[in-house]
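Visitor: Show me how the following folds:
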Amino acid sequence: MGSSAVQICSNASLMLGGRPINDLNDDTDRARLASNLFPMVRNYVLRSHPWNCCIKRVTLSPDTAAPGFDFAFQFTLPSDYMRTLSVGEIGCEATFKIESGKLLSDDNPCLLRYVSRNENPATWDDMLVMGMTMAMKAVMAYPITQSTSLEQLVDQAVAGVLQRARSVDGQDDTPEALGDSPLLQSRFGTGNAGFWRGGR
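Guide: Numbers count the residues shown, from 1 in each chain. From the prediction side, this is the model:
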């Protein structure tokens, strides 16, 4: 049986010494906190790495209206689009720009490989589930415990879990397909603790 948003949030609560969460719609502070934070944290974690369970390939047809200049065609991005991995076939990648929910390119049709907003945790890799659990534990730490020291420990833990998860997930691809960059690596390094504390 696959994981669910409720299970992830409940496990995060248990890790903090709290009660389990049975339903994100429960009329409790803990359930409301988890329900409000989960979509934001999920999107952040999914967009941070080309998780294999979230990658999709689509062929886009051009919109009727063309861009004002520079590119011949514009394409409406998929509704679950989060991040572009490549445009065009391997070895024949196209030049493109993402602007205002559109992909601009001279290629038609547009062969898009992208990270999708996979909202079904039951289809996630186990390490992504653990990474999300630790991420939820991190953002819930201070509101639940009011402990700054515990929050700092969680910040460090989530960085390590997500780094290991990205490394293992990437082993299913050739190096060219990993998509990691120094920017992404630093995003989850020790210097990024501020995100999980709301930027303080």
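Visitor: The residue nearest the centre of the chain in helix, strand or coil?
Guide: Note on the chain: the residue nearest the mean C-alpha position is L46, at 1.4 Å, using C-alpha atoms, centre = their mean. At L46, secondary structure determined by DSSP: H, G, I helix; E, B strand; the rest coil is helix.
Visitor: what's the domain layout of the chain?
Guide: 5-51+120-196, 55-116 (automatic domain parsing).
Visitor: Show me what the longest helix along the chain is packed up against.
Guide: Looking only at the chain and at elements set by DSSP state H, the helix with the highest residue count is helix 148-170. Where contact means 3 or more C-beta pairs under 8 Å, 6 or more residues apart in numbering; DSSP states H and E, helix 148-170 is packed against helix 126-145, helix 193-196. Heads up, the C-betas are built off the backbone N, CA and C, glycines and all.
Visitor: Most tightly packed of those helices?
Guide: Most buried of those by mean neighbour count (mean count of other C-beta atoms under 10 Å) is helix 126-145; its value is a mean of 22.
Visitor: and the angle for that one with helix 148-170?
Guide: Note on geometry: by axes from the mean of the first three to the mean of the last three C-alpha atoms, to 10 degrees, helix 126-145 and helix 148-170 are set 170 degrees apart in direction.
Visitor: for the nearest residue to A34 once chain neighbours are set aside, what are its contacts?
Guide: Distance criterion C-beta to C-beta, 6 or more residues apart in numbering; nearest residue to A34, sequence neighbours excluded, is C9 at 3.7 Å. Taking C-beta atoms under 8 Å, 6 or more residues apart in numbering as the contact definition, C9 lies against 21, 24, 31, 34-35, 38, 136, 140.
Visitor: Tell me how far C9 lies from Q146.
Guide: Look at C9 and Q146: by C-beta to C-beta, to the nearest Å, they are 19 Å apart.
Visitor: Then P78?
Guide: In terms of C-beta to C-beta, P78 sits 41 Å off from Q146.
Visitor: Give the rounded mean pLDDT of stretch 63-70.
Guide: What stretch 63-70 shows for mean pLDDT is 94.
Visitor: Touching that stretch from outside, list them.
Guide: Outside stretch 63-70, the residues that reach it (C-beta under 8 Å, 6+ apart) are 72-76, 97, 102, 104.
Visitor: same thing but at 10 Å, please
Guide: The set of residues that contact stretch 63-70 without belonging to it, under C-beta atoms under 10 Å, 6 or more residues apart in numbering, is 72-76, 95, 97, 99, 102-106.
Visitor: Can you give me the buried ones in it?
Guide: Of the residues in stretch 63-70, none is buried under the neighbour-count criterion (16 or more other C-beta atoms under 10 Å).
Visitor: Perfect, that will be all.
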